[in-house]
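K.L.:
the sequence and its predicted three-dimensional model are supplied below.
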Amino acid sequence: MTHSRAVQIDAFGGPEVLRLVDVTVGDPGPGEVRIRHHAIGLNFIDVYHRTGLYPLALPARLGMEGAGVVEAVGDGVTHLAVGDRVAYAAQPPGSYCDVRVMPAMNVCRLPDAISFEEGAAMMLKGLTAQYLLKHCRPVEGLQPGDYVLFHAAAGGVGLIACQWARALGLRLIGTAGTDEKCALAHANGAEHCINYRRENFVERVKAITGGQGVKVVYDSVGKDTWEGSLDCLAPFGLMVSFGNASGPVPPFAPGILGPKGSLYVTRQTLFTHITSRERTQAMADDLFAVVTGGQVKIHVEQRFALADVQAAHRALEARQTTGSTVLLP
Ligand code: NDP
């Protein structure tokens with residue numbers, strides 16, 4: 001038995017419900033590994049879990065991303081060995097801890113050139129950017145030179161997506177909540193970045209694209225941007241809804257999509273994309289290649305001790321963070 005600290009919630013609520021508890025961790029069962037974390041990734045989905053927007057059975061552990069070293073390997077796990085440096089985005093939640101036992105399927109060996117902090121900061125966010133840009137394509141496809149709109153472009157997923165889109169030759173228009181965040185997104189590959197708290201992003205997108213609109217909108221802001229996002233799309237454009245940082249998208253009538261240009265709408269989640277070991281590894285290899293190749297830099301902009309997890313959640317929800325945030329055990 002190994003001892004570990006773990007963040008637990010006994011009720012849904014604000015950051016104050018996050019508390020550190022002492023737990024014992026056993027040996028991995030079939031298909032599992034035991035990992036000692038060196039860094040833990042903070043994600044907006046952790047906020048949805050904490051508030052109950054995405055309800056978990058209580059009491060619940062939080063955290064879906066981490067990096068560390070494999071301490072023990074269960075029966076049937078062939079792609080990992082004791083001592084491997086690894087990183088993951090995985091269910092069930094529970095990465096906010098020193099040591100954990102978890103399913104091995106989504107755990108990947110980390111290239112030597114990628115640090116633990118970068119690993120913990122890039123798996124959930126980077127695999128998300130990967131599937132958004134590579135697998136969420138409009139029926140007519142996406143070609144280099146096409147315009148796309150990416151909301152919250154200076155955030156964790158956003159900064160990775162800006163750089164990756166530039167590497168793919170896409171003309172990414174970002175949005176962000178301050179001029180400083182816009183400058184950061186621009187420096188990382190967004191051809192334009194609109195401060196959507198100050199400017200009407202629909203009008204600006206129309207002006208930038210010469211009235212044509214964009215082929216895809218990637219919208220993780222949800223309630224506040226939904227309607228405007230649809231109005232930014234070119235005919236047959238694709239609306240990819242993948243988050244609710246401002247609140248869930250309200251119910252809508254599909255009939256509105258016709259007059260707006262025969263639009264397509266999809267709601268995506270990473271965990272549909274990483275349901276097999278092979279697919280997870282293929283997506284991770286694609287991500288590792290752009291990071292080690294220098295096309296995508298992982299911005300770890302905030303670091304908090306694991307014990308300061310409440311402060312980390314407050315900063316993320318208050319829109320005070322840029323890029324990725326890690327918790328350090
Ligand atoms: P971010 O670092 O991007 O933080 C969220 C950002 O959303 C904020 O910094 C803020 O940027 C923006 N935002 C806009 N309105 C609000 C609001 N009312 N309250 C708080 N933030 C707001 O987080 P992540 O990189 O972890 O995730 C980005 C988004 O992608 C989240 O919505 C997340 O749930 C989603 N996601 C979805 C996945 C999926 O597969 N479906 C997987 C991974 C992430 P600004 O101030 O610039 O507006």
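P.N.:
Looks like it arrived, so ask away.
K.L.:
give me the mean pLDDT for the top strand by length along the chain.
P.N.:
The strand spanning the most residues in the chain, taking DSSP state E as the definition, is strand 32-42. The pLDDT scores in strand 32-42 average 98.
K.L.:
which bits of the stretch 51-200 of the chain sit near the ligand?
P.N.:
By C-beta under 6 Å from any ligand atom, the part of the stretch 51-200 of the chain that sits against the ligand consists of Leu124, Lys125, Thr128, Ala152, Ala154, Gly155, Gly156, Val157, Gly158, Ala176, Gly177, Lys181. Quick note: C-beta positions are derived from backbone N, CA and C, even for glycine.
K.L.:
now, the residues you listed that are in strands?
P.N.:
Ala176.
K.L.:
let me see the ranges of the helices in the chain.
P.N.:
44-51, 116-135, 156-167, 179-187, 201-208, 226-231, 270-273, 277-292, 309-317 (DSSP state H).
K.L.:
skip the chain neighbours and tell me the closest residue to Ala284.
P.N.:
In this structure, Ala284 finds its nearest non-sequential neighbour in Cys108, 4.4 Å apart by C-beta to C-beta, 6 or more residues apart in numbering.
K.L.:
number of residues surrounding the one you found?
P.N.:
27 (other C-beta atoms under 10 Å).
K.L.:
could you do Glu71 as well?
P.N.:
18.
K.L.:
mind checking how far the residue of the chain found nearest the ligand is from His37?
P.N.:
Nearest residue of the chain to the ligand: Gly155, at 2.0 Å (C-beta to the nearest ligand atom). Distance, Gly155 to His37, using C-beta to C-beta, to the nearest Å: 23 Å.
K.L.:
more crowded one of those two?
P.N.:
Taking neighbours as other C-beta under 10 Å, Gly155 and His37 compare with Gly155 leading, 30 against 26.
K.L.:
list the contacts of the more buried one.
P.N.:
Contact analysis of Gly155 by C-beta atoms under 8 Å, 6 or more residues apart in numbering lists Phe44, Ala176, Ser220, Thr321, Thr322, Gly323.
K.L.:
now those as JSON lines including neighbour count?
P.N.:
As requested, those are exported to JSON lines (neighbours: other C-beta atoms under 10 Å):
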{"residue": "Phe44", "neighbour count": "21"}
{"residue": "Ala176", "neighbour count": "27"}
{"residue": "Ser220", "neighbour count": "23"}
{"residue": "Thr321", "neighbour count": "19"}
{"residue": "Thr322", "neighbour count": "20"}
{"residue": "Gly323", "neighbour count": "22"}
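K.L.:
is it true that Val217 touches Leu149?
P.N.:
Yes - counting by C-beta atoms under 8 Å, Val217 sits close enough to Leu149 to count as a contact (4.5 Å).
K.L.:
joint contacts of those two?
P.N.:
Joint contacts of Val217 and Leu149 (C-beta under 8 Å, 6+ apart) are Ser229, Cys232.
K.L.:
these two: which has the busier surroundings?
P.N.:
Leu149 (32 against 27).
K.L.:
now do the contacts for that one.
P.N.:
Leu172, Ile173, Gly174, Thr175, Phe201, Val205, Val214, Val216, Val217, Tyr218, Ser229, Cys232 are the contacts of Leu149 under C-beta under 8 Å, 6+ apart.
K.L.:
for these, pick the one with the most neighbours.
P.N.:
Going by other C-beta under 10 Å, Gly174 tops those with 33 neighbours.
K.L.:
most widely separated two among the residues of the stretch 51-200 of the chain next to the ligand?
P.N.:
Leu124 and Gly177 (21.5 Å; C-beta to C-beta).
K.L.:
what residues go with each domain of the chain?
P.N.:
Structurally, the chain divides into domains by automatic domain parsing as follows: 2-125+274-328, 137-267.
K.L.:
which bits of the stretch 201-329 of the chain sit near the ligand?
P.N.:
Taking C-beta under 6 Å from any ligand atom as the measure of proximity, the stretch 201-329 of the chain contacts the ligand at 220-221, 224, 242-243, 245-246, 268-270, 316-317, 319, 321.
K.L.:
could you list the low-pLDDT ranges of this structure?
P.N.:
Scanning the chain for pLDDT under 70 picks out nothing.
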